[in-house]
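Trainee: Show me the folded form of this:
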Amino acid sequence: MLSTSPTQEKTYKQKVKTIHSSVIDDNNQEFTLEITYDYTDYYGWDKWEISVWGYDYKINGKPSISDKDLAEVMRDIIRQEEKCTVTFY
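Mentor: Just a heads-up that it's a prediction; the model follows:
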């Protein structure tokens, strides 16, 4: 039985995207970076939004940067790529 109720939960198809970028470490050295992430996109309250469900990365070399800082840089790169509201889960 189908419902047209506005409270019926919507399902969104999960997608995968890969982007190529670079990161500069604490010693001002640049490293190439490939980020692959799983996401769903949808129209939010009054704008387009995406939810990132997980991401993985490959980095060329061993940068001198903390894991926490590297994770934040990758999240910033994803936000810049998407140019909309991004929520990480």
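
Trainee: Show me the strands in the protein, by range?
Mentor: 15-24, 30-43, 48-59, 85-88 (DSSP state E).

Trainee: Out of the ones you listed, the one nearest residue 75 is which?
Mentor: strand 85-88 (6.2 Å; Cβ to Cβ). All C-beta atoms are positioned from the backbone trio N, CA, C, and that covers glycine.

Trainee: buried ones in that closest one?
Mentor: 86, 88 (16 or more other Cβ atoms under 10 Å).

Trainee: Now do it: everything it contacts.
Mentor: The contact list for strand 85-88 (Cβ atoms under 8 Å, 6 or more residues apart in numbering) reads 44, 47-52, 75, 78-79.

Trainee: which of those residues tops the neighbour count?
Mentor: When neighbours are counted by other Cβ atoms under 10 Å, residue 50 leads the contacts of strand 85-88 with 23 neighbours.

Trainee: Beta-bridge partners for that one, please?
Mentor: With DSSP bridges applied, residue 50 shows beta-bridge pairing to residue 41, residue 86.

Trainee: Quick check: pLDDT value at it.
Mentor: Listed pLDDT for residue 50 reads 94.

Trainee: Same check on residue 45?
Mentor: Reported pLDDT for residue 45: 75.

Trainee: Who are the contact partners of it?
Mentor: Contacts of residue 45 (Cβ under 8 Å, 6+ apart): none.
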